[in-house]
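Q: sequence unknown, structure follows:
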């Protein structure tokens, strides 16, 4: 898929109500996006599928919904205040900011793996690296990615708090609460879906990298000697879910993160990368965080976070952690990219279709009265009211049937139902399947069962 096709997807996303530019009537805000009716529903479908698969259908998982604002000491203990930095350079003329490591890799073609910020500065000087506008750059400096704000009416360091850069820490600080209030026993996981915020220097590529994003994250608590086996189990589970929601397994690859590039808390990380139009990029991640977080929070808070083995009350230990993490926004983008197709029809006509799986499609069934005649509208409305209790159903009376088919192809609706004058006589309707465009007459009384056998597979 080319960059040109990516531009078509971005245009489709706005035209059909998936994604709008943020604050558009005021000229927008860089790398800020709003999700329209179709996008909001698609996001919900992704999250519902994830929660059902990884929480509700498992016996070893519970959920959490932590606060976005946390005591600043949390971020001191987690290491984010000192290590959550990007190397920043600034154009001396335009004052635009760039990541030094990205410029070095993209312009000079050299790897920055393991390179200190001082070494980056020396390389920029030696090679006379300029900004994309051709101007001199400042010395690289550390730039913390956390947004900060203040509690109360006065801006003071004593009242400073941060918008969380990840959802994981609220899970760790609530570990003891979960143990004390549930019957969960190691190994078990705590799952959370929520917003996170990162003041990225160079966000971009549509909704791939944004200033605010939503994570679906799990901290899975284990005994240390079980980590390698369970790591592989979780990796398989993540790949299986990718296929389940409609991603292409052939476009999904593993990237073993090198020791030099590992996060400060990680002993092993695999990035699950996906083939986007702008390159193969990180989609999800799986990290073995050891017991770094619990140990650090225990030390900084003074609270005991050890786990007592219910089979041996004398055995107390800090569990180790596996972290499967998924981005809602990147998952949505990957689904759009995978589902998008331009299909040439007989006569040279081209239809645009999103081949979403029925589970994920924002609208699963669309009802079309052939004409705006009272008797057709009444029967169509009755069918609509019945089916909407079982499926995500829409009603459309505008334009020709062909134009309505094209509209719903573009939002990925698997089944469209046309109510015609014959329906008044034989109590049957025409059901058109999105991918094959085949049509079948189905009795109205059988519609729920007929659609359910295909949508709820």
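A: Now that the structure is in, tell me what you want to look at. None of the values given here were measured: they were computed from a predicted structure. Residues are numbered from 1 along each chain as shown.

Q: so where's the stretch 151-300 of the chain uncertain?
A: 154-158, 202-203 (pLDDT under 70).

Q: the strands in it, which residues?
A: Assigned by DSSP state E, counting those that start in this stretch, the stretch 151-300 of the chain shows strands spanning 160-162, 188-197, 212-222, 252-256, 268-276, 279-290.

Q: any idea which of those strands is most buried?
A: Highest mean neighbour count of the strands of the stretch 151-300 of the chain: strand 212-222, a mean of 22 (counted as mean count of other C-beta atoms under 10 Å). No exception for glycine: its C-beta is placed from N, CA and C like everyone else's.

Q: each with direction, which strands does that strand pair with?
A: Strand 212-222 pairs in its sheet with strand 188-197 (antiparallel), strand 320-327 (antiparallel), by DSSP bridges.

Q: tally of neighbours for residue 66?
A: Neighbourhood size, residue 66 [other C-beta atoms under 10 Å]: 18.

Q: could you pull out the strands for the stretch 351-457 of the chain?
A: Ranges of strands within the stretch 351-457 of the chain are 365-369, 393-395, 415-419, 428-433, 439-443, based on DSSP E, counting those that start in this stretch.

Q: run a quick neighbour tally on residue 232.
A: By other C-beta under 10 Å, 12 other residues sit near residue 232.

Q: for residue 94, helix, strand, or coil?
A: Assigned state for residue 94: coil (three-state reduction, DSSP: H, G, I helix; E, B strand; the rest coil).

Q: from memory it sits against residue 131, does it?
A: Yes - counting by C-beta atoms under 8 Å, residue 94 touches residue 131, with 7.2 Å between them.

Q: among these two, which residue is more densely surrounded?
A: residue 131 (20 against 11).

Q: the more buried one in helix, strand or coil?
A: coil.

Q: ok, and what's touching stretch 344-362?
A: 8, 12, 37-39, 41-42, 45-46, 49, 244-246, 335-336, 339-343, 364, 392, 406, 409-414, 434-435, 454-457 (C-beta atoms under 8 Å, 6 or more residues apart in numbering).

Q: please read the previous query as pertaining to stretch 98-117.
A: Under the criterion C-beta under 8 Å, 6+ apart, residues 86-91, 120-121, 123-124, 127, 129, 131-132, 137, 140-142, 201-202, 258, 260-261 lie in contact with stretch 98-117.

Q: in helices, which of the residues you listed appear?
A: 120, 121, 123, 124 (DSSP state H).

Q: need these in JSON lines (columns: pLDDT).
A: As requested, those are arranged in JSON lines below (pLDDT from 0 to 100):
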{"residue": "120", "pLDDT": "92"}
{"residue": "121", "pLDDT": "91"}
{"residue": "123", "pLDDT": "92"}
{"residue": "124", "pLDDT": "92"}
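
Q: from those residues, which is closest to residue 197?
A: residue 120 (25.7 Å; C-beta to C-beta).

Q: can you count the residues close to the closest one?
A: Neighbour count for residue 120, taken as other C-beta under 10 Å: 21.

Q: do residue 72 as well
A: Residue neighbour count, defined by other C-beta under 10 Å, stands at 19 for residue 72.

Q: quick one: residues contacting it.
A: Taking C-beta under 8 Å, 6+ apart, we find residue 72 in contact with 81, 160, 161, 162.

Q: export the strands paired with strand 212-222 to TSV and tack on distance to residue 219?
A: Below are these laid out as TSV (distance: least, C-beta to C-beta, whole Å):
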stretch	distance to residue 219
strand 188-197	5
strand 320-327	5
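
Q: what sits against residue 47?
A: By C-beta under 8 Å, 6+ apart, the contact set of residue 47 is 193, 214, 216, 328.

Q: give me phi/psi at residue 110?
A: phi -110, psi 140 (degrees, to the nearest 10).

Q: report pLDDT for it.
A: If you check residue 110, the pLDDT there is 87.

Q: how near is it to residue 153?
A: 49 Å (C-beta to C-beta, to the nearest Å).

Q: and for residue 434?
A: Following C-beta to C-beta, the distance that separates residue 434 from residue 153 is 55 Å.

Q: what about those two, which has more around it?
A: residue 434 (21 against 6).

Q: so what's the more buried one closest to, chain neighbours aside?
A: residue 414 (4.9 Å; C-beta to C-beta, 6 or more residues apart in numbering).

Q: count the residues that sit near the one you found.
A: Using other C-beta under 10 Å, residue 414 has 23 other residues around it.

Q: cool, residue 180 as well?
A: Count around residue 180 with other C-beta under 10 Å applied: 7.

Q: that one and residue 70: what is the separation?
A: 20 Å.

Q: what's the answer for residue 298, then?
A: Relative to residue 70, and taking C-beta to C-beta, residue 298 is found at 17 Å.

Q: do residue 302 as well
A: Separation of residue 302 from residue 70 (C-beta to C-beta): 17 Å.

Q: who has more neighbours out of these two?
A: Between residue 302 and residue 70, residue 70 has the larger neighbour count (other C-beta under 10 Å), namely 17 against 7.
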